[in-house]
Structure formats: C-alpha cells, structure tokens
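Asks: Dropping the sequence and predicted coords here.
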Amino acid sequence: MSTIAQVSLEEYERMAAAGGFGQRRLEYIRGEVREMSPKGDRHEDMVDCLEEWSHEVVRGKPVRVRVQNSIRLSGILTLPEPDLAWVVRRRYSRRKPEASDVYLLIEVAETSLDYDLGEKAKLYAEAGICDYWVVDVAAPRIVVHRHPTGTQYRDIQSVFGNQEIRPLAFPEIALRPESLWEE
C-alpha cells in the first residue's frame, strides 16, 4: 500500500462522492489517502465465505453485515474499509457507522498480514473496537483481538482448526476456523 495524497477528511469524502478516485481501492488513514493492494483469489473467496457465514448466523439479530464498506473512526480521522463489519442494524445513508456502532470487525489478510496485525490493530484499538479478527489466509488461523487499551489490545490469541471463536456481542454464535478452509 502506498500514500497517494494527504487531504482533509471532508475533502476525501467530497472527492470519493464525486467519483474522483475511480475504481481504485483506497482507504483514508490518519489524513492520508492510501491505495490498497489488489485482492487475490484466496482473499475474495475468504470474504465470500465469511459473508455467507455472517448472514446465516445473524439472521433475526439487530446486525447489519457490511462488506468492504467504510466506517468512521472520528477521533483519529480515519475511514478504513474492513472486509466485514457487523454493525448496529440501521440505515447508514446519512452517516457512516462509527466505532460505537461496531459489534465485530474482520479483516482478511493475504498480502496485508503485517498491516492488519500492526497499524490496523492499533487504529481499531485506539477507536475502541472491542472485537477485531484477522483471518490469516495462509496460516490458516484467525487472530482474535479483544479488550482495547490505548492503541493496544490486552487479549490477542490465535485460533486454529476446530477451536471455537465466539463474537463478544453474540456469544451464542460460534465459528470454527477449519470451516473457512474446507473445500
């Protein structure tokens, strides 16, 4: 990923709304417009699997599943586009979801593992995102980040195989990582 411009949040939102960036994959991180790495086949497939799982398990719950759409981290002038975000079910046509609307964020890492476990984790911790998962396509594992303090998470663990992981906001829902890698 590389920085292509430094602009205000308002300028970025105006340019994006006007189509000024075309089809480029961008994120606005701490005042910088950053071009993201292209998505590979394994990344896209994993996002599809997580989206299907998410829609199945949240049916009837007050959750909207957003796929590769931005969220607003207001205090740190950041508009990341996580691969999946479980947010409070409501319409977001007038404002983007904010950290207080987020139940769970999931990033899929194929070429972005260092970024997702490093800078992204720090951003999400600083914003107060309580439940952040990084799906490491190559490992295969899910790195679970919980209980943010400052720019760090107090609890980080890797979950493999048939171990269960449960979203903090919905402990009745379970995911076994092995199910994501089954053909």
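Replies: Yep, it's here. Note that the structure is a prediction, hence the values are computed from the model and not measured.
Asks: helix or strand right after the top helix by length along the chain?
Replies: Longest helix in the chain, counting residues (DSSP state H): helix 41-58. Sequence-wise, the next helix or strand downstream of helix 41-58 (DSSP states H and E) is strand 63-67.
Asks: And for that following strand, what's in contact with it?
Replies: 47, 51, 54-55, 58, 83-90, 92, 97, 103, 170 (C-beta atoms under 8 Å, 6 or more residues apart in numbering). No exception for glycine: its C-beta is placed from N, CA and C like everyone else's.
Asks: That one: partners in the sheet, and parallel or antiparallel?
Replies: If you go by DSSP bridges, strand 63-67 pairs up with strand 84-88 (antiparallel).
Asks: CA atoms only for the following helix or strand past the strand it pairs with, dumped as PDB, please.
Replies: Sequence order places strand 102-109 as the next helix or strand after strand 84-88, per DSSP H and E. C-alpha atoms of strand 102-109 as PDB (Å, rounded to 0.1, in the frame of the first residue of the first chain):
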ATOM      1  CA  VAL A 102     -19.500  -1.900  15.600                       C
ATOM      2  CA  TYR A 103     -20.000  -5.300  17.100                       C
ATOM      3  CA  LEU A 104     -17.300  -7.100  15.200                       C
ATOM      4  CA  LEU A 105     -14.700  -6.200  12.600                       C
ATOM      5  CA  ILE A 106     -13.000  -8.800  10.400                       C
ATOM      6  CA  GLU A 107     -10.000  -8.300   8.100                       C
ATOM      7  CA  VAL A 108      -8.900 -11.000   5.700                       C
ATOM      8  CA  ALA A 109      -5.100 -11.000   5.200                       C
END
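Asks: Strand 102-109 to strand 63-67, inter-axis angle?
Replies: 20 degrees (axes from the mean of the first three to the mean of the last three C-alpha atoms, to 10 degrees).
Asks: From Gly150, how far off is the closest residue to Ile106 other than its chain neighbours?
Replies: In space, and not counting its chain neighbours, Ile106 is closest to Leu84: 4.2 Å by C-beta to C-beta, 6 or more residues apart in numbering. As judged by C-beta to C-beta, to the nearest Å, Leu84 and Gly150 stand 25 Å apart.
Asks: Stretch 126-137: how far from the chain's middle?
Replies: 7 Å (C-alpha atoms, centre = their mean, to the nearest Å).
Asks: swap that for stretch 58-74, sorry
Replies: With C-alpha atoms, centre = their mean, you get 10 Å for stretch 58-74.
Asks: Just list the residues touching His147, thanks.
Replies: His147 neighbours (C-beta under 8 Å, 6+ apart): 130, 153-155.
Asks: Pick out whichever of those residues sits closest to Tyr124.
Replies: Taking C-beta to C-beta as the measure, Tyr124 lies nearest Tyr153 of those, at 8.3 Å.
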